[in-house]
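Visitor: Here is my input, please return the structure:
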Amino acid sequence: MSGASLPSYGSSRAVLIGTATYASRDLKAIPHSKHNVRGLADVLTDRALGGFAARDVRLVDDPGKAQDIMGPVAAAAEQAEDVLLVYYSGHGLLTGAGDLHLSLTESEPGLDWTSLAFSYLAGVVKQSDAAVRIVILDACYSGRAHADLMSAGPLLVRDQLSVFKGIYSLTSAPENRTSKAPPGARYSAFTGFLLETVREGVPGAGPTVSLNEVYEVVRRRMRAEGLALPEECGKTGAGAFPFVRNRLPPPQAPQPLPAGVPAPRVTTSEGLSFSTVRGAGYRIGDVETHLREVIDTVRDPDRWSRAAPPYFRTVSGRSEHGLKAAEVDAHIALHRYRPTTFVDALRLVLMLERFTLVRDTGRAGWLKALTKNRYGMADGERLVGRSAGAKAPSLGFTDTHLCVLGHQGLLRVPYSQLGRLGVNSSSRTERVVTVTDLGGTSEDVVVVTVRLVFGHRRLEISEGGERVFESALRRFRTAMADVRRRHPEWFDDLGP
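Guide: Coordinates of the predicted model:
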């Protein structure tokens with residue numbers, strides 16, 4: 001390869017999928033999708049930009065059934081050792097439960113089985129042994145994909161119990177917004193800006209351009225156009241992966257930054273290099289001072305659970321630069337204690353998913369008795385964590401049971417039987433009228449009803465349109481299912 005060097009692409013695979021035509025009257029054709037796929041393929045295989053060989057890039061046009069996508073993706077995931085990249089352009093569909101599905105040519109809105117659940121694709125990507133795994137979605141509501149790709153399951157298993165792997169996702173819109181495909185344009189808005197950024201280069205990015213740097217430029221350009229903003233997620237630090245070569249040469253004489261403003265990347269006194277973010281991120285001085293202390297804590301079997309992200313204070317001023325938190329967190333994750341018992345693994349899952357860990361002091365008291373009664377705990381059962389706050393609905397996690405507390409009562413599910421817990425949801429819009437001395441106002445609010453079924457027990461949970469409870473429960477179940485696949489003996493010891 002000529003020009004600036006890229007990481008090894010010797011054993012890499014890319015699957016680029018575009019669904020442009022639809023049989024359903026309710027799904028408008030997206031001619032941009034066909035062009036999106038070919039534009040990205042040109043970039044990836046351009047020897048002046050990308051590192052993929054043409055034979056390693058598979059194009060899938062107008063998939064009619066799930067196998068048309070899952071077959072090529074599964075093959076690529078198995079073959080890739082260096083980089084696995086999956087791109088999709090088409091309609092994003094939401095099920096009644098709020099899950100993201102990718103549309104096929106025969107998809108029909110409201111008939112979930114006619115489209116592909118993104119969770120299936122995410123599962124294949126997460127299981128790949130490729131060093132870096134990249135998923136890019138240009139679809140409505142695509143922000144919902146991050147939860148499936150970045151749940152605590154793969155982070156726990158691959159980065160805490162196994163070998164560090166990188167995974168990065170980039171989506172065209174948040175989980176509740178649609179994407180745009182401008183009439184008459186060759187590409188959709190998001191992919192168009194993505195290709196434009198890569199082809200033009202990024203000023204000041206150096207000889208190569210990372211995924212994070214591409215995202216920042218695309219996001220800035222889409223904001224200027226008043227479009228829904230793209231989202232990225234890279235808990236394992238893969239966002240720093242050099243994606244393509246930079247078309248713009250590095251400046252010969254870089255202009256000095258104003259006093260007190262750090263460079264786009266900062267190298268610590270220990271030789272670690274992290275990206276910086278204006279108006280966000282960890283305070284640089286805090287990381288310099290306390291990084292070694294945090295690492296010593298997380299690698300200690302007796303203290304690791306005392307340090308959970310965010311590990312440091314964040315910057316408060318818009319003009320300040322902070323170290324990119326995802327990169328610092330990923331470095332700390334490399335050193336974290338690897339759980340060897342079920343309870344330690346449970347603590348790690350709860351910590352990574354931002355639940356509240358509960359420390360058992362061993363002392364009896366009215367609060368402990370109240371907690372035991374609240375979650376229906378048996379003698380000897382210990383509370384490990386809970387969702388934030390004490391109001392229903394809430395989740396409690398003991399060392400043997402998942403406890404779901406709603407206004408209608410309590411549902412307890414042994415971890416060994418989590419697979420038997422049925423969960424479905426529906427949503428409706430209600431008009432809320434507020435009357436005060438100054439007048440009255442009304443607004444439409446979304447109410448989500450989550451229905452849980454375990455054996456003969458049933459429980460309904462009502463919450464707002466943000467689906468905070470449902471999302472937390474889904475992420476936890478995904479993580480625990482992944483832990484069980486890796487360590488079934490832990491669950492056997494829990495009993496029925």
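Visitor: only C-alpha atoms for contact and neighbour calcs from this point on.
Guide: OK.
Visitor: which residue packs closest to A185, ignoring adjacent ones?
Guide: Closest residue in space to A185, ignoring its immediate chain neighbours: H32 at 7.6 Å, by CA to CA, 6 or more residues apart in numbering.
Visitor: Do I have it right that that neighbour meets A189?
Guide: No. At 9.4 Å, H32 does not count as touching A189 under the criterion of CA atoms under 8 Å.
Visitor: Report the set of residues contacting both of these two.
Guide: Common neighbours of H32 and A189, counting by CA atoms under 8 Å, 6 or more residues apart in numbering, are A181.
Visitor: Now for the residue nearest in space to the middle of the chain: which residues touch it?
Guide: Taking CA atoms, centre = their mean, the centroid of the chain lies closest to H146, which sits 2.8 Å from it. When contacts are counted by CA under 8 Å, 6+ apart, H146 touches S169, E232, C233.
Visitor: hmm, 7 Å instead?
Guide: Counting by CA atoms under 7 Å, 6 or more residues apart in numbering, H146 makes contact with S169, C233.
Visitor: hang on, it in a strand?
Guide: No. Judged by DSSP: H, G, I helix; E, B strand; the rest coil, H146 forms no part of a strand; its state is helix.
Visitor: On the three-state scheme, R199 is what?
Guide: Of the three states, R199 takes helix under three-state DSSP.
Visitor: same check, this time on E466
Guide: coil.
Visitor: Now do it against E175, distance only.
Guide: 10 Å (CA to CA, to the nearest Å).
Visitor: Could you do V57 as well?
Guide: V57 sits 28 Å away from E175, taking CA to CA as the criterion.
Visitor: try Y337
Guide: As judged by CA to CA, Y337 and E175 stand 33 Å apart.
Visitor: and for stretch 278-295, what are the contacting residues?
Guide: For stretch 278-295, the surrounding residues in contact (CA under 7 Å, 6+ apart) are 268, 307, 312-325, 332, 335.
Visitor: change it to 8 Å
Guide: For stretch 278-295, the surrounding residues in contact (CA under 8 Å, 6+ apart) are 268-269, 307, 311-325, 332, 335-336.
Visitor: In this protein, mark out all the helices, start to finish.
Guide: 32-45, 66-79, 118-127, 145-150, 152-159, 189-200, 211-224, 284-298, 325-333, 342-352, 366-374, 468-486, 488-494 (DSSP state H).
Visitor: Distance to A23 added to these, as a markdown table?
Guide: Formatted as a markdown table, the helices of the chain follow (distance: least, CA to CA, whole Å):
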| stretch | distance to A23 |
| --- | --- |
| helix 32-45 | 16 |
| helix 66-79 | 16 |
| helix 118-127 | 21 |
| helix 145-150 | 25 |
| helix 152-159 | 36 |
| helix 189-200 | 24 |
| helix 211-224 | 31 |
| helix 284-298 | 53 |
| helix 325-333 | 42 |
| helix 342-352 | 42 |
| helix 366-374 | 52 |
| helix 468-486 | 32 |
| helix 488-494 | 44 |
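Visitor: Of all those helices, which one comes closest to D399?
Guide: Nearest of the helices of the chain to D399, taken as CA to CA: helix 342-352 at 6.2 Å.
Visitor: got the buried residues for that closest one?
Guide: For helix 342-352, the buried set under the neighbour-count rule, 16 or more other CA atoms under 10 Å, comprises F342, D344, A345, L346, R347, L348, V349, L350, M351.
Visitor: Identify the residue nearest I461 in space, chain neighbours excluded?
Guide: Per CA to CA, 6+ apart, closest to I461 is V450, 5.0 Å.
Visitor: Number of residues surrounding that neighbour?
Guide: Neighbours of V450 under the rule other CA atoms under 10 Å: 19.
Visitor: quick one: contacts for it?
Guide: Per CA under 8 Å, 6+ apart, neighbours of V450: V423, N424, S425, S426, E460, I461, S462, E470.
Visitor: The second one contacts A97, doesn't it?
Guide: Yes. Counting by CA under 8 Å, A97 is a contact partner of N424 at 5.8 Å.
Visitor: Tell me if I'm right that K126 and D148 touch.
Guide: No. The criterion here is CA under 8 Å, and K126 misses it with D148 at 9.4 Å.
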